[in-house]
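Trainee: This is a predicted model, with the sequence first.
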There are 4 protein chains.
Amino acid sequence: MAGSSEEAPDYGRGVVIKDNWPGYDLNLFTYPQHYYGDLEYVLLPRGIIVDRIERLAKDIMKDLGYCDILILCVLKGGYKFCMDLVEHLKNISRNSDRFVSMKVDFIRLKFCRNDEAMDKMQIIGGDDLSTLAGKNVLIVKDLVGTGRTMKALLSSIEKYKPNMIKVASLLVKRTPGSDGFRPDSHMRDQ
Amino acid sequence: MAGSSEEAPDYGRGVVIKDNWPGYDLNLFTYPQHYYGDLEYVLLPRGIIVDRIERLAKDIMKDLGYCDILILCVLKGGYKFCMDLVEHLKNISRNSDRFVSMKVDFIRLKFCRNDEAMDKMQIIGGDDLSTLAGKNVLIVKDLVGTGRTMKALLSSIEKYKPNMIKVASLLVKRTPGSDGFRPDSHMRDQ
Amino acid sequence: MAGSSEEAPDYGRGVVIKDNWPGYDLNLFTYPQHYYGDLEYVLLPRGIIVDRIERLAKDIMKDLGYCDILILCVLKGGYKFCMDLVEHLKNISRNSDRFVSMKVDFIRLKFCRNDEAMDKMQIIGGDDLSTLAGKNVLIVKDLVGTGRTMKALLSSIEKYKPNMIKVASLLVKRTPGSDGFRPDSHMRDQ
Amino acid sequence: MAGSSEEAPDYGRGVVIKDNWPGYDLNLFTYPQHYYGDLEYVLLPRGIIVDRIERLAKDIMKDLGYCDILILCVLKGGYKFCMDLVEHLKNISRNSDRFVSMKVDFIRLKFCRNDEAMDKMQIIGGDDLSTLAGKNVLIVKDLVGTGRTMKALLSSIEKYKPNMIKVASLLVKRTPGSDGFRPDSHMRDQ
C-alpha cells in the first residue's frame, strides 16, 4: 500500500514486505476464530494498514490539491480499503478549512477472452461513466499484480476525459511478468 | 435503523425521530465544510448511528445463531452502513469463541418500467446469485420507504432458496403509501 | 459537555438534557452486562459524547490559537473524557500544518474542612505546578455542579501565573445553589 | 508490550524490536508536525500497539477468568496505554455474556534516597490502598526496565492482600542490569 508524489518518489514503495520476513507470531494479535489452524503467522498487522491509510489519505489530499474527488472503488476486493481511505479523507476534510467534496462509485471488472487470446475488460455496475469528464478520479483497488488489469482500466477511464486519474492500491505484488504499470508509483497522474 | 427479533418486537422500531424534533444545534458537532450554509440542524448525530449499529450487530449475530452470514450490500446508498455493520460483526466474532464466517457481496438494483406501468427490478453487479442457496443472507440497505423495492428484492432473492433472509435498514421512512413491508420489523425471517 | 467562545456564546450550553426527556430505550444500544437490571433508559448515548468531543477539540484548538497546551486532567472522574479530548486534539494536530505541542498532567483535589467551616482545597499528585507559569492551561473535569470547586481550583491555578486558563467540563449540572462559576461558559479565559 | 499465560509462555515476549531493525520510513505514516526534523524513522507504528493491546486485553480477561478487575494505572507514562487497554477490556465485556466490573485508580510513584543509598518508594495520589484487599489487581505501566521499580511496587501492593496481582507493561527494555523481575513474563501471578 503506497502513495507516491513527485517530490518524494522514494516512499512511493509503501511498506515493503521482504521475502525473508518471517512475520509476527499469531499469538501476538487477535484474529477471527475460523482462521484458527489455517494461519501460521501475521505478515502485516491490521494496525499498520490503518496507519498507512491515514498517511495515504493525507498524501492524496495534497496531491489532489484539496479538490473534489470522485472515487471509483473496484469491487469486490477493494471495498474495505476504499471505505477506510474515504473515512480518513473525510476526517481530513472535517478537520480542515478546505472544501473537499467526495463521491464514491462502485465498479466491477469483467474479463472476456476474445479470438486473439487477449483479455477484454468490461466495467459493470457503476454510474454512467460519462460523468467522469473533467473530474479528479481516484481509482481504489485492493491489488496490483502484473499491472495489466490496471492498464486496461486506466485506458478505459481515460476515454471519459477526466481531469486527473490517480490510483491507490492496497497491495502491490512483486510480479516477474509485470508489463509496464509501475507498481512503485501507485498513484499516478494521467 | 433498527433490529427486531421475535422475543423483543418493541425495540424493532429503532431510534424514532419524531416530526416535532427540532434537532441539535449545528455548532455542537463537526460537519464537512462544504455543507456550511446548507444545513440548519443535526437530526441524528453520527455517534448515535455508530452506537446503534453496534447493538444491531449484536442482535443480528444472536438472531442468526452465530452462523455464517452472506451479506448482500445494496449499492450505492448502503455501503457505509454496511461496512460499519460488518466491522461490528467482525468485532463480535473476534472477541467471541464462536465461529462465524462472513462474505460480502455488492448488488445494485435497476428498475425498468414495462408496458403495464409496473416496476420491474433487475439485480446487477453481484456474484452468481445461485450461490445464495442454503445460505443465511443479510440484506443491508440504507433506506426503506414504501417497502415496494424491498418486497421486490426479497421475492427475487427467495427464488435462490436461501436458508434465511434478514434485512437491516439504516433508515425507515414513515411513508403513507407503504404497501405491506413492515418497517417496524426491519429484520425478518423468510 | 460544552465549549464556548466569544463569537458564539449560544452554543456554549452544549447538549442540553431537559428534565422531561424520557431517554432512549435500553434495547437500542449495547451496555455492560453488569448494568443489566439497574438501568431503565439511556439519557445520553456514548456516540453523542464522542461526536461532541470532536467538535469541542476543534473549538479548543481555535480558541487557543493552535498554541501549545498544558492539559490538567482532574482525577478520578475526568480521565476518560480527558483522554478522548486529547485524542481528538492530537488528530487535529496530525492533520493540520500547525505546530501544537500537548502535555498532560494529572491532579487530584482533596478537601479539608477548616475551623470556619469553609472548604480548603489541596491539589495533589501533579507535577510541580510552578511549571504552569506562562502556559496555556486547559483544565479537564468530568462535572461542574455549583461551581465552587472549579472556582477554588481556578484561583489556585491562577497563582502560578499561566498565560491562559480554559476549562472543559464533560457535564454541567443545573444546580440551584450555584454561586457564580458560569456553567453556560465552560471554557473561559482567565 | 506483552501478555503471558501458563499455557503459552512463548508469546509472553510480545513484539520484539531487534537491535538491527532499521525501522519504517517516516514518510509512510503521519506524525505530529512538531516532531518534524527530530525523527529519523518509526520503530513501532501506533497501529501495531493498537492491535497488540486488543490481544493483550483478551489474554488478560482470560487469565483473570472474567472476574472483576481493579486497575492501577501508574502515572504519568502509563495513562494512554492504560486507557486503550481499558477500552478494549470494556469492548470485550460489552460483547460477551460475562459479568466483568472494572475500576480504575491512578497512582504515582515517588522515590526518595535514604541513608543506605537504597531507593524508597512512596505511592501517592490513589484511593485508600486498603481497598485492594481481596481484589484482582492489574498494574498498568508504560515501561519496565531493570524491574527494580516494579519489584518495589509489587511488594508494596502485596501488603494490602489482593487476591491476585498482574502486571501489563507497554514496553520492556532489554536491560543488562536487570535484577530479577522477569520481563519475559509481563503479567504474573502473585
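Mentor: That came in fine, so what should we check first?
Trainee: Run through the helices of chain A in chain order.
Mentor: A:46-63, A:79-95, A:148-158 (DSSP state H).
Trainee: Next one: residue A:144 from chain B, what distance?
Mentor: 21 Å (Cβ to the nearest Cβ, to the nearest Å). (Each C-beta comes from the backbone N, C-alpha and C, glycine too.)
Trainee: okay, and for chain A, where does confidence drop off?
Mentor: A:1-13, A:113-119, A:175-190 (pLDDT under 70).
Trainee: Save the helices of chain A as CSV, and put in mean neighbour count and distance to chain C too.
Mentor: Converted to CSV, those look like this (neighbours: other Cβ atoms under 10 Å in any protein chain shown; distance: least, Cβ to the nearest Cβ, whole Å):
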stretch, mean neighbour count, distance to chain C
helix A:46-63, 21, 7
helix A:79-95, 21, 5
helix A:148-158, 17, 29
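Trainee: For residue B:120, which of those helices is the nearest?
Mentor: helix A:79-95 (27.8 Å; Cβ to Cβ).
Trainee: residue in chain A nearest to chain D?
Mentor: residue A:47 (2.3 Å; Cβ to the nearest Cβ).
Trainee: wait, that residue sits on residue D:44?
Mentor: No. Between residue A:47 and residue D:44 there is no contact under Cβ atoms under 8 Å: 10.1 Å.
Trainee: Can you tell me the closest non-neighbouring residue to the residue of chain A found nearest chain B?
Mentor: Closest to chain B within chain A is residue A:125: 3.3 Å, counting by Cβ to the nearest Cβ. Nearest residue to residue A:125, sequence neighbours excluded (Cβ to Cβ, 6 or more residues apart in numbering or on different chains): residue B:125, at 3.3 Å.
Trainee: need the contact list for the nearest residue to the residue of chain A closest to chain D once chain neighbours are set aside.
Mentor: Using Cβ to Cβ, 6+ apart and skipping the chain neighbours, the partner closest in space to residue A:47 is residue D:47 (2.3 Å). Counting by Cβ atoms under 8 Å, 6 or more residues apart in numbering or on different chains, residue D:47 makes contact with A:45, A:46, A:47, A:48, A:49, A:50, A:51.
Trainee: how close does the last one get to residue A:27?
Mentor: So that's residue A:51. Computed as Cβ to Cβ, to the nearest Å, the residue A:51 to residue A:27 distance reads 22 Å.
Trainee: show me what contacts the closest residue in space to residue A:130 that isn't next to it in sequence?
Mentor: Distances taken as Cβ to Cβ, 6+ apart put residue A:160 closest to residue A:130, at 6.0 Å, once the chain neighbours are dropped. The neighbours of residue A:160, taking Cβ under 8 Å, 6+ apart as the test, are A:129, A:130, A:132, A:133.
Trainee: Now the phi/psi pair for residue A:160, please.
Mentor: Note on residue A:160: backbone dihedrals following degrees, to the nearest 10 are phi -90, psi 10.
Trainee: Please report how far it lies from residue B:14.
Mentor: Residue A:160 is 40 Å from residue B:14, by Cβ to Cβ.
Trainee: Ok, residue A:143 next?
Mentor: In terms of Cβ to Cβ, residue A:143 sits 37 Å off from residue B:14.
Trainee: is any part of the longest strand along chain A close to chain C?
Mentor: In chain A, taking DSSP state E as the definition, the longest strand is strand A:102-113. No. Strand A:102-113 lies apart from chain C when judged by Cβ under 8 Å from any Cβ of the partner chain; the minimum separation is 15.5 Å.
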